[in-house]
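> what would the 3D arrangement of this be:
(chains A and B)
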Protein chains: 2
Amino acid sequence: MQPRLTIVTLGVDSLRRAKRFYLDGLGWPEVDQESDGIVFIQMNAMVLALYPHHGLAEDIGIESPEHLPGSNDGYTGVTLAYNTATKEETDQVLATAVDAGATLVKAAEEVFWGGYSGYFSDPDGHLWEVAFNPFTLPDDDGSFWM
Amino acid sequence: MQPRLTIVTLGVDSLRRAKRFYLDGLGWPEVDQESDGIVFIQMNAMVLALYPHHGLAEDIGIESPEHLPGSNDGYTGVTLAYNTATKEETDQVLATAVDAGATLVKAAEEVFWGGYSGYFSDPDGHLWEVAFNPFTLPDDDGSFWM
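Take a look at the predicted model:
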């Protein structure tokens, strides 16, 4: 069994609203393949991480004592990351997301592990971290290998 | 802004239990980089999909009328997919996951879009679809481009 993650599917309340955010807002390309009621966006190389709930919720800036999915504090149990090549790019990506309809959950700041990161939530509440990690930069084509 | 997904982070109740599942159970490689309290697993190329909650919950086999994250019916709002090259590989991967401590949520079956897929949940309840899509196979190295 390979370390393989091929699709991340985000459940959404309104596909129209989600398309407006990801395709129109962020400018990501819908895969050119006939499909009804579902949108596929071509992504690239990535990493899977395991992290305890309390640390992840703290990283997002959620201070509720209950850091479990479904506790109505905004914590979903999963985050998606967009790694950048500079601090400036981190700020730019957060701004682009907010312009596209995201909610800024945590403005980018210096973080203890030496990086610079912030969080937004998409229109359905899915959490994205936008992170500059000076020790591990994405490739020019956006792929990310640690 | 590129269509870039660099890290999927799964919040877990016990890092020890999660490592037992992903590293020992599934045999996935921990990235050789010093890190404390977090596990990084090197993954590969993948796809982001948007899909309405009700359709996604139905695909998983959750019949509750409330298909929203936090509704205590097992639906989390996010699924991760492991695409395979054959139906047999789908069954094998589901069996490997169950052997490693996953719960079989839906045994693999023929699905309306022409594929063959099933679902398991990892020890924290994160949902994985294991899918054979005869129209879109992963590359030999496990990368997946639609």
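
> quick check: A:His126 vs chain B, distance?
To chain B, A:His126 is 7 Å away according to C-beta to the nearest C-beta, to the nearest Å. (Each C-beta comes from the backbone N, C-alpha and C, glycine too.)

> same deal with A:Gly55?
According to C-beta to the nearest C-beta, A:Gly55 and chain B sit 6 Å apart.

> what residues are up against that residue?
The neighbours of A:Gly55, taking C-beta atoms under 8 Å, 6 or more residues apart in numbering or on different chains as the test, are B:Gly37, B:Ile38.

> in a helix, it, correct?
Yes. Note on A:Gly55: a helix contains this position according to DSSP: H, G, I helix; E, B strand; the rest coil.

> close to chain B, is stretch A:79-97?
Yes. Between stretch A:79-97 and chain B, judged by C-beta under 8 Å from any C-beta of the partner chain, the touching residues are A:Thr79, A:Leu80, A:Ala81, A:Tyr82, A:Asn83, A:Val93, A:Thr96.

> test my guess that A:Lys87 contacts A:Gly114.
No. At 11.8 Å, A:Lys87 and A:Gly114 do not qualify as touching, with contact defined as C-beta atoms under 8 Å.

> okay, these two: which has more neighbours?
Between A:Lys87 and A:Gly114, counted using other C-beta atoms under 10 Å in any protein chain shown, the more crowded position is A:Lys87 (15 against 10).

> measure that one to chain B for me?
A:Lys87 sits 16 Å away from chain B, going by C-beta to the nearest C-beta.

> give me the pLDDT for that residue.
In the predicted model, A:Lys87 carries a pLDDT score of 96.

> one more: A:Pro3?
According to the prediction, A:Pro3 has pLDDT 64.

> list the buried residues for the longest helix along chain A?
Assignment by DSSP state H gives helix A:87-99 as the longest helix of chain A. Buried positions in helix A:87-99, judged by neighbour count with 16 or more other C-beta atoms under 10 Å in any protein chain shown: A:Glu89, A:Thr90, A:Asp91, A:Val93, A:Leu94, A:Thr96, A:Ala97.

> what sits up against it?
Contacts with helix A:87-99, where a contact means C-beta under 8 Å, 6+ apart, come from A:25-26, A:82, A:84, A:104, A:107-108, A:116-118, A:120, A:122, A:128, A:130-132, B:1.

> can we see that at 7 Å?
A:26, A:82, A:84, A:104, A:108, A:116-118, A:120, A:130-132, B:1 (C-beta atoms under 7 Å, 6 or more residues apart in numbering or on different chains).

> grab the nearest non-local neighbour of the residue most central in space within chain A.
When chain A is reduced to its mean C-alpha position, the nearest residue by C-alpha atoms, centre = their mean turns out to be A:Trp128, at 2.5 Å. Of all residues not flanking A:Trp128 in the chain, A:Leu80 sits nearest, at 5.0 Å (C-beta to C-beta, 6 or more residues apart in numbering or on different chains).

> and the one you found, how many neighbours?
Neighbouring residues of A:Leu80 were enumerated by other C-beta under 10 Å; the total is 21.

> so what's it bridging to?
For A:Leu80, the beta-bridge assignment (DSSP bridges) gives partners A:Trp128, B:Val8.

> next one: it from A:Ala131, what distance?
Shown here: A:Leu80 relative to A:Ala131, a distance of 11 Å by C-beta to C-beta, to the nearest Å.

> and what of A:Ala95?
15 Å.

> listing request: residues of chain A with sub-threshold pLDDT.
Counting by pLDDT under 70, chain A contains low-confidence ranges at A:1-8, A:10-13, A:32-36, A:43-52, A:64-72, A:141-146.

> quick check: beta-bridge partners of A:Ser121?
A:Thr103, A:Leu127.

> what's near enough to touch it?
Listed by C-beta under 7 Å, 6+ apart, the contact partners of A:Ser121 are A:Ala102, A:Thr103, A:Val105, A:Leu127.

> same thing with A:Asn133?
Applying C-beta under 7 Å, 6+ apart, we find A:Asn133 in contact with A:Asn83, A:Gly115.

> quick one, phi/psi of it?
The phi and psi torsions at A:Asn133 (degrees, to the nearest 10) take the values phi -110, psi 100.

> I'd say A:Ala81 and A:Glu129 touch.
Yes. A contact is recorded between A:Ala81 and A:Glu129 when judged using C-beta atoms under 7 Å, the distance being 4.6 Å.
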